[in-house]
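Asks: dropping the sequence and predicted coords here.
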Amino acid sequence: MEIRVKSGEVIKGAGEILVLSHYEGEKLSSEVALVNKRVGGGIDEVVASGEFSGKFLKTLVFRTDHKIGFARIFLLGLGKRSEMTLDRLRQGMGRAASCVREIGLTRFSTLVHGEVLGYLPVEHRVQAMVEGILLGLYQFQRYKTDRKESLKEIEECTFIIPDKANLSSVEEGIRFGKYVAEGVNYVRDLCNSPSNVVTPCRLAEEAKKIAEEYHLQVEVLDRPDIERLGMGGLLGVARGTVEPPKFIVLEYEGAGKKGRPIALIGKSVTFDSGGISLKPSDNMEQMKYDMTGGATVLGTIKVAAQLRLPVNIVGFLPATDNMPSGTAMHPGDIVTILNGKTVEVINTDAEGRLCLADALSYAARYKPTAMIDLATLTGACVVALGHHAMAIMGNDPNLLSLLKRGGEETGERVWELPLWDEYLHQIKSDIADLKNTGGRPGGTITAGLFLKQFVGEIPWVHLDIAGTSWNGDAPRPYTPKGSTGVGLRLLLWYLCHQVRRSGRDTRKLTSSQRIARSAPH
Ligand code: BES
Ligand code: ZN
Ligand code: MN
């Protein structure tokens, strides 16, 4: 889909449909008022009659009878002015774009909405709008052989701005938003794909593809390497499957050789049957998305490379299926993690933490400034927070509060759970250092506490995305059913924040790096 910008008067523009926005209980904005006049007061009428209130996400389409160059006007309600946020703008555009597609049109024009957010640079509003459009239009159709029923794709979106002054800012916003949304949709594609396609081997190929395209370093450790290193957790989980496990390391060096990296670790269980502690068959098919953390790490590094962010990142994906078989790990087995700690496996379905324990121990060897792991780790997280917040836990108050802020600003919200020592007794084993389950009470916390044993002194946060990475309910404005791709935008926010803090010389940056640096988010 092509997204472009044109400067000039709206009323002189032409096309199939023009997206205008309106705040609930307010007067028409000056631009909308101008259009209203040209179309004979039609907008005023629908607002006055209550047909279109401007309530958040309410929409109305009407024909202009060729009084202006646009054949139709699309009214988008942005809700109360005082409640406006960047995420509402994202949601509004997601809704608008899908409605336009629903009508059967293939192109639309829009203004830059959300002027109450004028304290933000205009590129941020444009970025959020582009994200909303591209994320909202996402469909996973790779396995539909008959496309007759599917909707026609939108081919073109034009931003109309009044004068040339903002042209390059809007272009930057479009570029940035496109990379981000395409990155999220890349994650969605990987997670919606079945586990007979997205195997550990395929994840390794994806990492290699990204490395080749953006000239990054990639290393794929095979079973013999993993054995030699002594990653007993990952190997234990991989014992039940014929799919060879892979330990994938993808490195992006945007800040030169000397800079210490940020480590991103993603749970990459390509299918979680539970192993010998087999899961019930209801919804088991969904466990193909148990590699969302890993896919998100790949997607984030890809976008960071596209934007040439001046940071160093290393991504770690401990990838394997979790299957029952004659060779599978037994409940009661003891495995030794890379850092030497021993774990009694009480439940083979608590496999994610075993793989992550090895990955965190390994990542710590890179002496990163921070480690962030993402994992669809516990069903208890879904119980605690439902589908609208990830659980966040960690050992560093600064890192935690930073990511909480990022969560608010990106709309990918997090909620902290405590890692108090009082919970630790639940995961102490009688015969090994730890056991891999802590019983039902505080299941998300004991999982987090388990991971904490493998990070040492490095600032670290753990994001449990079990409840947020899949939309099993109705489509949301920019989140269709299936994989949500949650996490990438938050990680990218964090990376951009690091760039700004490092205060690098802007003259040496490309324009996209400059926007990353000026980003308040
Ligand atoms: N991948 C699952 C967690 C999960 C559940 C993710 C539902 C998304 C939706 C994880 O490996 C798991 O099975 N966890 C167990 C741990 C328990 C045995 C301690 C769980 O939550 O039941
Ligand atoms: Zn799992
Ligand atoms: Mn499991």
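Replies: That came in fine, so what should we check first? Ligands and ions are numbered 1, 2, ... in the order given.

Asks: for the residue in the chain that ligand 1 sits nearest to, which non-adjacent residue is spatially closest?
Replies: In the chain, no residue comes nearer to ligand 1 than residue 379, which is 3.3 Å away by C-beta to the nearest ligand atom. Where C-beta positions appear, they are placed from N, C-alpha and C, glycine not excepted. Leaving aside its sequence neighbours, residue 379 sits nearest to residue 466 (C-beta to C-beta, 6 or more residues apart in numbering; 6.5 Å).

Asks: burial count for that neighbour?
Replies: Burial of residue 466 is recorded as 27 neighbouring residues (other C-beta atoms under 10 Å).

Asks: quick check, stretch 236-243 touching ligand 1?
Replies: No - if you take C-beta under 6 Å from any ligand atom as the test, stretch 236-243 misses ligand 1, and the best it gets is 9.7 Å.

Asks: do a quick rundown of the strands in the stretch 101-250 of the chain.
Replies: Taking DSSP state E, counting those that start in this stretch, the strands of the stretch 101-250 of the chain run over residues 107-111, 156-161, 217-221, 246-253.

Asks: pipe those strands into CSV and attach mean pLDDT, distance to ligand 1 and mean neighbour count per row.
Replies: As requested, the strands of the stretch 101-250 of the chain are arranged in CSV below (pLDDT from 0 to 100; distance: least, C-beta to the nearest ligand atom, whole Å; neighbours: other C-beta atoms under 10 Å):
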stretch, mean pLDDT, distance to ligand 1, mean neighbour count
strand 107-111, 98, 36, 21
strand 156-161, 97, 34, 20
strand 217-221, 98, 22, 17
strand 246-253, 98, 18, 23
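
Asks: ok, back up a step: where does the residue nearest to residue 379 land in three-state SS?
Replies: Secondary structure, DSSP: H, G, I helix; E, B strand; the rest coil: residue 466 is coil.

Asks: so what's the residue lying closest to residue 152 once chain neighbours are set aside up against?
Replies: Leaving aside its chain neighbours, residue 152 sits nearest to residue 106 (5.8 Å; criterion: C-beta to C-beta, 6+ apart). Listed by C-beta atoms under 8 Å, 6 or more residues apart in numbering, the contact set of residue 106 reads 16, 152, 153, 154, 155, 156.

Asks: got TSV for the strands of the stretch 101-250 of the chain, with distance to residue 232 too?
Replies: Formatted as TSV, the strands of the stretch 101-250 of the chain follow (distance: least, C-beta to C-beta, whole Å):
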stretch	distance to residue 232
strand 107-111	54
strand 156-161	51
strand 217-221	14
strand 246-253	13
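
Asks: of all those, which lies closest to ligand 3?
Replies: Among the strands of the stretch 101-250 of the chain, strand 246-253 comes nearest to ligand 3, with 18.7 Å by C-beta to the ion.

Asks: quick one: strands adjacent to the closest one?
Replies: strand 217-221 (antiparallel), strand 312-322 (antiparallel) (DSSP bridges).

Asks: will you turn the ones you listed into CSV that also has distance to residue 271?
Replies: Output for those, formatted as CSV (distance: least, C-beta to C-beta, whole Å):
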stretch, distance to residue 271
strand 217-221, 19
strand 312-322, 5
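
Asks: for those strands, which one sits closest to ligand 2?
Replies: Taking these one by one with C-beta to the ion, strand 312-322 is closest: 6.4 Å.

Asks: thanks a lot, catch you later.
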